[in-house]
Each structure stands twice: as structure tokens, then as C-alpha cells.
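Q: need coordinates for the below:
(2 chains)
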Amino acid sequence: MSQPLAVVPKPTGGPLVRVVDVTKHFPTGGTFGRGAVVRAVDGVSFDIAPGETLGLVGESGCGKSTLGRVIMQLQPATSGSIQFEGRELTKMHGNELRMVRQRMQIIFQDPYASLNPRMTIGDIVAEPLQNFGLGNKRDREKRVQEVMRVCGLNPNFTNRYPHEFSGGQRQRIGIARALVLTPSLIVADEPISALDVSIQAQIVNLLEDLQDEFKLTYLFIAHDLSVVRHVSDRVAVMYLGKIVEIATSRDVYDTPLHPYTKVLLSSIPNPNPEIEASRKPILLKGEIPSPINPPSGCRFHTRCPIAQLPICSEVEPPLEMKANGHVAACHFAGKL
Amino acid sequence: MRAVDGISFDMDRGETLGIVGESGSGKSMTALSILNLVPEPGKITGGKILFKNRDVVTMTSGELLEYRGGDVAMIFQDPMTSLNPVLRVGFQIEEAMRAHSRFDKKQARDRVVPLLERVRIPSPKQRARDFPHQFSGGMRQRAMIAMGLSNEPSLLIADEPTTALDVTVQAQILELLKDLNRELGTAIILISHNVSVISSLCTRVMVMYAGRIVESGPTRQVFDHPQHPYTWSLLRSVPRPDERRHERLVSIQGMPPDLSRLPTGCTFHPRCEFKVERCTREEPPLEEVGPAQDARCWVLMKNVSQESREAVKK
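A: Residues are numbered from 1 along each chain as shown, chains lettered A, B, ... in the order given. The predicted structure is shown next:
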């Protein structure tokens, strides 16, 4: 790595990211903003250890992408605390926050929409370096070529434009851009869901290789539970703005404690027809409730197969340790 | 450009057939051909499509109108673009029956609520009076299925019916399709890029690549003992939900070919890890390779050693 471009990481003993009771509410409009609020993220807490991949799964509208963006401070949190490398982000402004951003980057779902069609690949990947005024022109060129190479792109293509690349290659460009500043945290928001099946594996493998090589920490946001299980050390499951379960990848899949996690797992078809024939999906009743007016008590109680009234509709279950490192928010954890 | 090239297959009454492939593999075009609905300027330049011994390619436009939506119905990935936003859902289902001659006006009207009930839309009577935007994604897909079934077709073609849906909703739609196949005996062609969805619903599968069938056979046979390297890699490029230990995914190098500039020989050879010299020159025929299983490959996975298979993962 070229010396002048490397940012010195802050040594910390604790978690890389600490999220404490974070909420993100959006106003829905209404006259003079007096409308209802969408509780997209509602009291979420977790840590991400350095070098770890935390998977964040949930269905559309559960708030997982919003949470990713709030952690990146692309949108301010409504309340709560977000610490990154031991420093509070929610109180930071202007230049201070700008400097921290060198260490945290995001990869988006749509490799077509996230690259400026009028910029060359070289300029796209070099832009973060330029933004922070790192290195001179030659250093930057060298660094761009180096990053493109590790991302599996031909470094001679710096003068080409995004439309000349396929979806998988564009996603590699997005990854190269995220990597060029040597970040410690990468938030990957559905990085493979827009890609063809044969290309998805290429990107998953690339992300894993990069993690090994550069000791990256990932927050991997996706709706595909099999992929999340595959890449993650730990998995957090979200439902309607809340985290309902966090555990190691293995524990979440082998011994899910929250009924929603169990339902999600039972819903995934298996490519092996024999195993598939014996799978019994637990079908949920009704539709996902609105985050504007979420159900009282446990938010899942209206659809939960084992909900017991009145406790589940009245008392919100806390997210608490149920077994070694296995956290769930349910009055009847492990009973389904 | 040949989007679909020399495809032959047949289907029995009540059968479930999966067509799996990536974008541009020709799987949707195959389905549209069955309906003789290939979009302009494309056309079916050769071959026959027989439905109950009648050739769809030579049908008159009057016959086609009765055939499409009557004998064969199709549902698509995005139910919102297939429903008219300004008409009530119940009316649209009724309209689908009125466009054909199987049911008279009164019968058509009376069938709407039972059809919505059949696809398990709660309070069907009230829901029939809703507009599409009042439905969730899953309910819209149910409404489309109800519309598709309204004329009691013998074949339902479902093109990526669950791709836009969440996994719990996908599970509901797949269970519904299974039940309809079992209870009504409607044959189903399921088109998907997702091998797990195919495995869930289809007893037989065709794998398509660059407009060709590269492998076909009973789903269990093909998925347990894939013979074409493309099928083999496709099955190993997705993590299994029951993965015991972290195995590196098989990634297929490169990308699918441009159909107007197909490679010589086997269309998959530039991406194939197991190719031999002959693959670059001669296109292999679709030949029987196992019990009811056909593959289009000179090498075949049964002739590839365990070491070579493992080497691909590195």
C-alpha cells in the first residue's frame, strides 16, 4: 500500500461499532408536519467487533437499510448513540465527521444507479482520495490501479465509463471505490441481490477475500438468509424496526429462539429436492403491520404462531441473553 | 439473433416443469413462444408448438384469443404492472372470463369471490371491490393467479412469480401453487433463476443457457447428479440454507455470452472449468446421460474427478 494514502487507524480495545438504543423516525407529512411518524428503526442496540461480519436480515420494510444508513450517518438518528472506533458519531459535525468517514464506507445494491455515468472508472475510484486531498496525482493513480487489481478489475480500464461494464464488474467498481481509502468498516447493503446467480458467487467470494486481506469489518445487510448465513459470523434478525434475535450464524440457524426467525428459516426452499420434499414451511397469517402504527407489546404478536394473550400484546419483550451469546426478544423464546 | 434455439420438450397433463437459467438464457422467451406471444420484431422462425395436438404457431388470431388465457394462462414477476390500477380487482377477474366464452355473464360474476377464496385472499367479498393499490405484493400475485385460473386452463405459466416477494410471502405463493396443481390438476411451468424455488415445486427441470437447453430431466436426478458443468456450477454457486460448514462458493467466471455473437462450439465453453479441445470446435448435442436425463456436453460431470471438482473452488 502506498504510504501517503494510508490513514492511521485508531487503536481501540472495544467493539468497532457500538449502537445503543438507536431510533430513526420519519415524518409522514401531514399539515405543517403534524402527520404520523414512521418508526423505521425503533430502539436498536448491538456491537460489531473488529474483523467481524455481522449479518442483518429481515423482510422489506423492516428498517435494515435505514439502520445501515444511520450507522454511516448518511441520515441522522432520531435518538440513541452510535460509536465508531470508540468515538460518538451522533454528536459529530462537519469536518470531524468527514474525517471519520474515511474509515467507514458503504456499498449499494444497484451497481447501475450508484456509479456516475459521466465519470470514468478511474475518476470514480479516485474520487474519495481526491475528496480528502490524499496523495498527489501519481500516488492516486497508483493506488487506484492497485485497488482495481485486488477487486479483480483490469487496471488498464481506468479510462472507460460505467456503461461499458457488466453488473458484476460495476459492483466490483463500487467495492474498489469503497476500499480505496482503506476503511475499517464496510456497510454492504444488499450487495448481490441485483446480480445474476452466477455473478453473485463471484462478489461473495471477493468480499470474503478482501476481508481476509485487509482485516475488514462488514455489516452485511440482505434479505437472503442463506447468503447471510454463509458470509456472517453473527446474524441479527429485524422485524418492524426492532432486532428480535442476535446470535452466532450457527446458533441462529441451528437453534433459532425467536418464532419469527424460525418462520423465516422454514420459508427458505432447499435446492436439494429430497430435503425440500420434507420441509414444512410455517406460513404466516396476514400482512406485515404498518411501521406507522406498530402493534402493542411484541410487534410480532399479531402474526406469531405461539403468541399468548395478554402478555404478548401488552408487554414488550426485552432483547435479552437467553443462552451463551444468544440474544432474543420473546416471552416464549425457543418454544416454537 | 437467436434468443431461443432448437428447443424441444413435451409436458403431460398436470405436470410441473421448471425452467431455470440466468437473464438472457431464453427461459422467458420459451414461455412466450408457447403462447405465441413473442414480442415484435421477434418471431418464431421454425418449429412447432403443439397444445393438445393443435399447432399454436399456425393458429388463427381468433383461435389464439381463445387459447391464450383460456387453455394456457400466464402470470408474471411484477403483479402491479399486470393489473389495471383504475379497475377493481374483482372486475378485472370477471373481465378475464368475459374475454373468453366458457362462462356467461352471470357465471363469470358469481365465480369471482370463490376464485379469490381459492387463492386464500381473506374476506374475498370485500377484497373483490378493492383496487390493486390496496393490495400488498403477495395479494396482488394471488389476484393474478386467481385471474389466471378463472377460465380453468390446463396449463399455468408462472414467470418468476416470487422473485419480487419476501421470503415468507414466497413460501405462501409456492404452497398455493402446489395445492392448485394437486387439487385442480393444472399443469405448471415455473420459470425461475432460483434453483431452490424450482426444487420446491417442479418434478421435472430444464436448464437453459444462451438460448439452449443444456440439461433436462427429473428434478431430483438433475439436481443430485448434474451432468452439465453449467448445472453443476449453478447448484454450487448458491449457499445452501442447511450448510454445515463454510464452503467456498463456486463462482462461474466471466458472464453469459452476447446472443448475437455466440462462441463457437459449446456456448458455455469460454466459462467452463472442465472443457476439452473439442468443446471449442463442435457444439455437443442434447443426449441421454442418465435415467430420463439429457445433457448437452462432451465432457459430463460423471467423467470429472473429485480433485478437479475441488480445484474449481480455489
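Q: C-alpha from now on. contacts and neighbour counts both.
A: Will do.
Q: give the buried residues for stretch B:249-264.
A: If you call a residue buried by 16 or more other Cα atoms under 10 Å in any protein chain shown, then stretch B:249-264 has these buried ones: B:L249, B:V250, B:S251, B:I252, B:M255, B:P256, B:P257, B:L259, B:P263.
Q: which ones among those residues are found in helices?
A: Members of those lying in helices (criterion: DSSP state H): none.
Q: with respect to pLDDT, which of those ranks lowest?
A: Checking pLDDT across the buried residues of stretch B:249-264, the minimum falls on B:M255 at 84.
Q: show me what from the stretch 1-150 of chain B comes close to chain A.
A: Counting by Cα under 8 Å from any Cα of the partner chain, the residues of the stretch 1-150 of chain B close to chain A are B:E22, B:S23, B:S136.
Q: need the contact list for B:N181.
A: For B:N181, the contact set (Cα atoms under 8 Å, 6 or more residues apart in numbering or on different chains) comprises B:G14, B:T16, B:A187, B:I188.
Q: quick check, nearest of these to chain A?
A: Set against chain A, the nearest of these by Cα to the nearest Cα is B:T16 (13.6 Å).
Q: pretty sure that closest one contacts B:S199?
A: No: judged on Cα atoms under 8 Å, B:T16 makes no contact with B:S199 at a distance of 10.6 Å.
Q: secondary structure class of B:R109, three-state.
A: Under DSSP: H, G, I helix; E, B strand; the rest coil, B:R109 falls in the helix class.
Q: so which strand or helix has the residue lying closest to it once chain neighbours are set aside?
A: In space, and not counting its chain neighbours, B:R109 is closest to B:E94: 5.9 Å by Cα to Cα, 6 or more residues apart in numbering or on different chains. Per DSSP states H and E, B:E94 falls inside helix B:89-98.
Q: now that helix - C-alpha only, PDB.
A: Output in PDB follows, covering the C-alpha atoms of helix B:89-98 (Å, rounded to 0.1, in the frame of the first residue of the first chain):
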ATOM      1  CA  VAL B  89     -59.700  -6.400  -8.700                       C
ATOM      2  CA  GLY B  90     -63.000  -8.300  -8.900                       C
ATOM      3  CA  PHE B  91     -64.000  -6.600 -12.100                       C
ATOM      4  CA  GLN B  92     -60.600  -7.500 -13.700                       C
ATOM      5  CA  ILE B  93     -61.000 -11.100 -12.900                       C
ATOM      6  CA  GLU B  94     -64.600 -11.100 -14.200                       C
ATOM      7  CA  GLU B  95     -63.300  -9.400 -17.400                       C
ATOM      8  CA  ALA B  96     -60.800 -12.200 -17.900                       C
ATOM      9  CA  MET B  97     -63.700 -14.700 -18.000                       C
ATOM     10  CA  ARG B  98     -65.800 -12.400 -20.200                       C
END
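Q: what's the neighbour count on the residue nearest to B:R109?
A: A count of nearby residues for B:E94, using other Cα atoms under 10 Å in any protein chain shown, gives 22.
Q: any idea how far it lies from B:R129?
A: 12 Å (Cα to Cα, to the nearest Å).
Q: same deal with B:R236?
A: Remark: distance between B:R236 and B:R129 (Cα to Cα) = 46 Å.
Q: of these two, which one has the most company?
A: More crowded of B:R236 and B:R129, by other Cα under 10 Å: B:R236, with 20 against 13.
Q: which helix in the chain runs the most residues?
A: Here I'm looking at chain A. Under DSSP H, the helix in chain A containing the largest number of residues is helix A:197-214.
Q: ah, no, chain B please
A: For chain B, the longest helix by residue count, based on DSSP H, is helix B:167-184.
Q: which residues of chain A fall in helices?
A: Counting by DSSP H, chain A has these helices, from start to end: A:64-71, A:94-101, A:121-131, A:137-150, A:167-179, A:197-214, A:225-231, A:249-254, A:259-267, A:273-278, A:311-314.
Q: residues from the stretch 51-200 of chain A in reach of chain B?
A: Counting by Cα under 8 Å from any Cα, the stretch 51-200 of chain A sits next to chain B at A:E59, A:S60, A:D196, A:V197, A:S198, A:I199, A:Q200.
Q: the fifth one: what's it in contact with?
A: It stands for A:S198. Residues counted as contacts of A:S198 (Cα under 8 Å, 6+ apart) are B:E22, B:L234, B:S237, B:S251, B:I252, B:M255.
Q: in strands, which of those fall?
A: Cross-referencing these against strands under DSSP state E gives no overlap.
Q: can I get the residues you listed in CSV including distance to B:V312?
A: Listed next are these as CSV, based on distance: Cα to Cα, whole Å:
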residue, distance to B:V312
B:E22, 20
B:L234, 13
B:S237, 11
B:S251, 8
B:I252, 9
B:M255, 16
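Q: any idea which of those is closest to B:G148?
A: B:G148 has its nearest neighbour among these in B:E22, at 25.2 Å by Cα to Cα.
Q: residue ranges with poor pLDDT in the stretch 1-150 of chain A?
A: A:1-12, A:31-34 (pLDDT under 70).
Q: can you tell me the residue of it closest to chain B?
A: Closest to chain B within the stretch 1-150 of chain A is A:E59: 5.9 Å, counting by Cα to the nearest Cα.
Q: and that residue, what is it in contact with?
A: Counted by Cα under 8 Å, 6+ apart, A:E59 has contacts A:H223, A:M238, A:Y239, B:D166, B:V167.
Q: who does the third one form a beta bridge with?
A: It refers to A:Y239. A:Y239 forms beta bridges with A:K242, as assigned by DSSP bridges.
Q: ok, residue 188 - how many residues close by?
A: All of this is about chain A. A:A188: 23 neighbours (other Cα under 10 Å).
Q: my question was about chain B, not that one.
A: By the measure other Cα under 10 Å, the count of residues near B:I188 is 27.
Q: quick one on the thing from earlier: what's the closest of the buried residues of stretch B:249-264 to B:G46?
A: Nearest to B:G46 out of the buried residues of stretch B:249-264 is B:L259 (Cα to Cα; 17.8 Å).
Q: for B:T45, see how far away that closest one is.
A: Plainly put, B:L259 is 16 Å away from B:T45 if you go by Cα to Cα.
Q: no further questions, thank you.
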